[in-house]
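**Student:** structure for this input, please:
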Amino acid sequence: MERINSLTEENRTLRENLASHVDDESDPTLESGADEVEIYGTRSIYDSRPGGGYGTGEWHALTTWDEIFRDIGPALINETTESDLKKYSFAFPCS
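**Tutor:** Model (predicted):
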């Protein structure tokens, strides 16, 4: 029983030390999941009208880091290729 009490006290002390160090190590310049970020890129467009053809169009979307990793996270876990990962950009509402 004495050993359990000793371990309980050590655990409490370690938790207090951890809680006091977490705030010291936070970097205020880093963004968090709820912070908004604008992403942008280009996409290939095919115009099937007479005289049309292939072209490019620009797109941009305002989203959060949480939404980005929600959509591309599974692909990252499965070690997707960069070209396949680019296809996930279509999950964001574009302007």
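**Student:** next structured bit after the helix or strand harbouring L7?
**Tutor:** Secondary structure from DSSP states H and E places L7 in helix 2-25. Going down the chain from helix 2-25, the next helix or strand is strand 36-46, by DSSP H and E.
**Student:** tell me the mean pLDDT over that next one?
**Tutor:** Averaged over strand 36-46, pLDDT sits at 87.
**Student:** listing partners with orientation, what would you give for that strand?
**Tutor:** Applying DSSP bridges, strand 36-46 is found paired with strand 54-64 (antiparallel).
**Student:** buried sites along the partner strand?
**Tutor:** By 16 or more other CB atoms under 10 Å, the buried positions in strand 54-64 come out as 61, 63. For glycine as for every other residue, the C-beta is placed from the backbone atoms N, C-alpha and C.
**Student:** C-terminal to it, which secondary structure element comes first?
**Tutor:** helix 65-77.
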